[in-house]
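K.L.:
one predicted model, sequence on top.
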Amino acid sequence: MSNIFASSVGKKLIMSLAGLFLIVFLIVHLSINLSLIFSDSRESFNKFAHFMSSNLIIKFLEIILFGGFILHMLYAFYLQIKNWIARGRGYKVANYSQTSFFSKFMIHTAVVLLVFLIIHLSDFYFKAKFFGDVPSVFYNGKTYHDLGILVIEKFKMPGFVIFYIVCFIFLAFHLLHGFWSAFQTLGLDHKVYTPVIKAIGIIYTILITAGFMLIPIYIYYIM
């Protein structure tokens, strides 16, 4: 155990745990974003966003979230480069699940998602957190950042809507392999369990990516 996290297996374990944490985060993030289109105003969305940015527990979880992103990406790139160098002599697992088609493109989809993440954080998180370049809105005499209007303005731009949807298609490819692969690394690679996990992963991927893509389409055409 003293050397496990320095090994390839240990790095895969950390990357998988971080990936599963991010999978849970996507559910929370989507739930908040959907409030923007299922509410008659931006109030619910802005209050959710304010809570996420001001609550001490959430702030602590935010550090864990960013740590999860960083660990997941660093270990993914490290292991991919190591596999390229080793030319397939790396970590092997039992062949219950076989190689996924999407596994061949994990590093490519990861690069696209990294670019998207940087742009996404620049457009919303960093603007609200550090630059203060966000309009204000008042609810019951209290001031909130009107992040909702920023989202709506972005999704009224056809180029950004297309870019957003394309990135979530790449996310779908990433999740289709990453979901069950994370459980596989944790030891749940079995002829009975693996097909069930894969099915859950497909359902999760469809719901999450469809939910995120619905938001810009709804805002662009209806709001």
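P.N.:
Thanks, I have the structure now.
K.L.:
just read off the phi/psi values of Ser41.
P.N.:
Here is the backbone geometry of Ser41 (degrees, to the nearest 10): phi -140, psi -180.
K.L.:
likewise Asp189?
P.N.:
phi -110, psi 100.
K.L.:
burial measure for it, as a count.
P.N.:
18 (other C-beta atoms under 10 Å). For the C-beta atoms, the positions are set from N, CA and C on the backbone; glycine is no exception.
K.L.:
one more: Met52?
P.N.:
Around Met52 sit 16 other residues, with neighbours defined as other C-beta under 10 Å.
K.L.:
cool, and Gly141?
P.N.:
Residues lying near Gly141 (other C-beta under 10 Å) number 5.
K.L.:
per-residue pLDDT of it, please?
P.N.:
pLDDT, Gly141: 86.
K.L.:
again, but for Ala182
P.N.:
The model reports Ala182 with a pLDDT of 82.
K.L.:
element containing it?
P.N.:
Take DSSP states H and E as the rule and Ala182 turns out to sit in helix 158-185.
K.L.:
and that helix, how far out from the chain middle?
P.N.:
Shown here is helix 158-185, whose average C-alpha point lies 8 Å from the average C-alpha point of the whole chain (C-alpha atoms, centre = their mean, to the nearest Å).
K.L.:
which is the next helix or strand following that helix?
P.N.:
Toward the C-terminal end, the helix or strand that comes next after helix 158-185 (DSSP H and E) is helix 193-221.
K.L.:
wait, Ala18 sits on Phe66?
P.N.:
No - using C-beta atoms under 8 Å, Ala18 is not in contact with Phe66, being 10.7 Å away.
K.L.:
neighbour-wise, which of these two wins?
P.N.:
Residue environment comparison for Ala18 versus Phe66 gives the larger neighbour count to Ala18, 23 against 12, counting by other C-beta under 10 Å.
K.L.:
now do the contacts for Phe168.
P.N.:
209, 212-213 (C-beta atoms under 8 Å, 6 or more residues apart in numbering).
K.L.:
any of those buried? List them.
P.N.:
When those are checked for burial by 16 or more other C-beta atoms under 10 Å, the buried set is 209, 212-213.
K.L.:
of the residues you listed, which is the nearest to Val151?
P.N.:
Sorting the buried ones among the contacts of Phe168 by distance to Val151 puts Phe212 at the head of the list, at 11.9 Å, by C-beta to C-beta.
K.L.:
got the CA coordinates for stretch 23-32 in PDB?
P.N.:
Listed in PDB are the C-alpha atoms of stretch 23-32, where the atom choice follows Å, rounded to 0.1, in the frame of the first residue of the first chain:
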ATOM      1  CA  ILE A  23     -19.900  12.300 -12.600                       C
ATOM      2  CA  VAL A  24     -21.900  13.200  -9.500                       C
ATOM      3  CA  PHE A  25     -21.000  16.800  -9.900                       C
ATOM      4  CA  LEU A  26     -22.500  16.800 -13.400                       C
ATOM      5  CA  ILE A  27     -25.900  15.800 -11.900                       C
ATOM      6  CA  VAL A  28     -25.800  18.700  -9.500                       C
ATOM      7  CA  HIS A  29     -24.700  21.200 -12.100                       C
ATOM      8  CA  LEU A  30     -27.400  20.100 -14.600                       C
ATOM      9  CA  SER A  31     -30.000  20.400 -11.900                       C
ATOM     10  CA  ILE A  32     -29.100  24.000 -11.200                       C
END
